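Engineer: The following block contains a protein sequence and its predicted model.
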Amino acid sequence: MEPKLANSIFACSPWRAARTTCEAWTPDGLPIEVWHGLLTEDRLNLAPFRKPGSNRRGSGSALPLGPLAAVQLYTTNANPLIKGKGHSPLCRHAQHSAAVTRGDDLLAVTDLMARTDSDWCSKCGGYALRRLTDTQLSYYRAAHRLHDIKEQLDNQTGGPDADPSGVIACLDELATWQPVDDAEWCSSDSWQWQETVGELTRMAARSHAVTRPS
């Protein structure tokens, strides 16, 4: 199950280049309370977006990041060549006060997906997440629902929790997911989403054909 990420009235500002230092935003520019409003200590569960077999806890579903790709992350150290773990700026183990400072690094979720060499704090996860917009939060939840269905169909036991008709109804609903702003949903993302929904619907239909009474 995905973590309960808090929504926010704050929309993400335009994404700057990956690993940009936060030159313009310092504690003197924004009060600590504002940073606590802009950021959340919740961690993203990116299993639905990883490739199959790449997640140590289970198989990924290779879903597109879509609106989540440019979500901003702030860390005290994104460079594995620099000594010291990366912390969330809100982490009590960070060396400075609980706000983003000039020396912190700015990443995006797409960068986080590509990194395998990061040394993150085990307490805070290594970064603070910019609060998601309504569209981003909606997509995050929809992707986890689709990922859960894939795992259910891949590991189905025929028990009551694997009712094919209920799964198909849920997939029909997920097939209609669209962002409010089409700019956040490119054609390749939409195609990949529909392909996954279609394949899972066919899997559920085959299961329904096998399990329904003669």
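Structural biologist: Cool, the structure landed. Residues are numbered from 1 along each chain as shown.
Engineer: contacts and neighbour counts: CA atoms only from here.
Structural biologist: Fine.
Engineer: Compute the first-to-last residue distance for stretch 39-53.
Structural biologist: Start to finish, the residues bounding stretch 39-53 are 31 Å apart (CA to CA, to the nearest Å).
Engineer: buried residues in that stretch?
Structural biologist: Taking 16 or more other CA atoms under 10 Å as the neighbour-count basis, stretch 39-53 is seen to contain the buried residues Leu39, Thr40, Glu41, Asp42, Arg43, Leu46, Ala47, Pro48, Phe49, Arg50.
Engineer: any idea of the pLDDT on the last one?
Structural biologist: At Arg50, the predicted lDDT confidence score is 92.
Engineer: got the phi/psi numbers for it?
Structural biologist: Listed backbone geometry of Arg50 is phi -80, psi 160, with angles given as degrees, to the nearest 10.
Engineer: Next up, the contacts around it.
Structural biologist: By CA atoms under 8 Å, 6 or more residues apart in numbering, the residues touching Arg50 are Ser59, Gly60, Ser61, Ala62, Leu63, Met113.
Engineer: if we go to 6 Å?
Structural biologist: Listed by CA atoms under 6 Å, 6 or more residues apart in numbering, the contact partners of Arg50 are Gly60, Ala62.
Engineer: now it: how far from Leu129?
Structural biologist: Remark: distance between Arg50 and Leu129 (CA to CA) = 19 Å.
Engineer: Please pull out the lowest mean pLDDT helix or strand from the chain.
Structural biologist: Taking mean pLDDT, DSSP states H and E as the measure, strand 20-21 is the helix or strand of the chain with the lowest mean score, a mean of 41.
Engineer: how long is stretch 69-77 from one end to the other?
Structural biologist: Between the opening and closing residues of stretch 69-77 we find a distance of 20 Å, counting by CA to CA.
Engineer: so where's the chain uncertain?
Structural biologist: Filtered on pLDDT under 70, the chain yields the residue ranges 1-30, 54-58, 80-81, 94-98, 157-162, 208-214.
Engineer: Please state the offset of the helix or strand harbouring Gln192 from the chain centre?
Structural biologist: Counting by DSSP states H and E, the element that carries Gln192 is helix 187-211. For helix 187-211, the distance between its averaged C-alpha position and the chain's averaged C-alpha position is 21 Å (CA atoms, centre = their mean, to the nearest Å).
Engineer: One more: stretch 194-212?
Structural biologist: In terms of CA atoms, centre = their mean, the centre of stretch 194-212 is found 26 Å from the chain centre.
Engineer: follow-up on the earlier one: okay, and which of the buried residues of stretch 39-53 map to strands?
Structural biologist: Here DSSP state E is the test, and the buried residues of stretch 39-53 give Leu39, Thr40 as lying in strands.
Engineer: Switch the buried residues of stretch 39-53 over to a markdown table; also include distance to Ile32.
Structural biologist: Listed next are the buried residues of stretch 39-53 as a markdown table, based on distance: CA to CA, whole Å:
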| residue | distance to Ile32 |
| --- | --- |
| Leu39 | 11 |
| Thr40 | 13 |
| Glu41 | 14 |
| Asp42 | 18 |
| Arg43 | 20 |
| Leu46 | 28 |
| Ala47 | 32 |
| Pro48 | 33 |
| Phe49 | 32 |
| Arg50 | 34 |
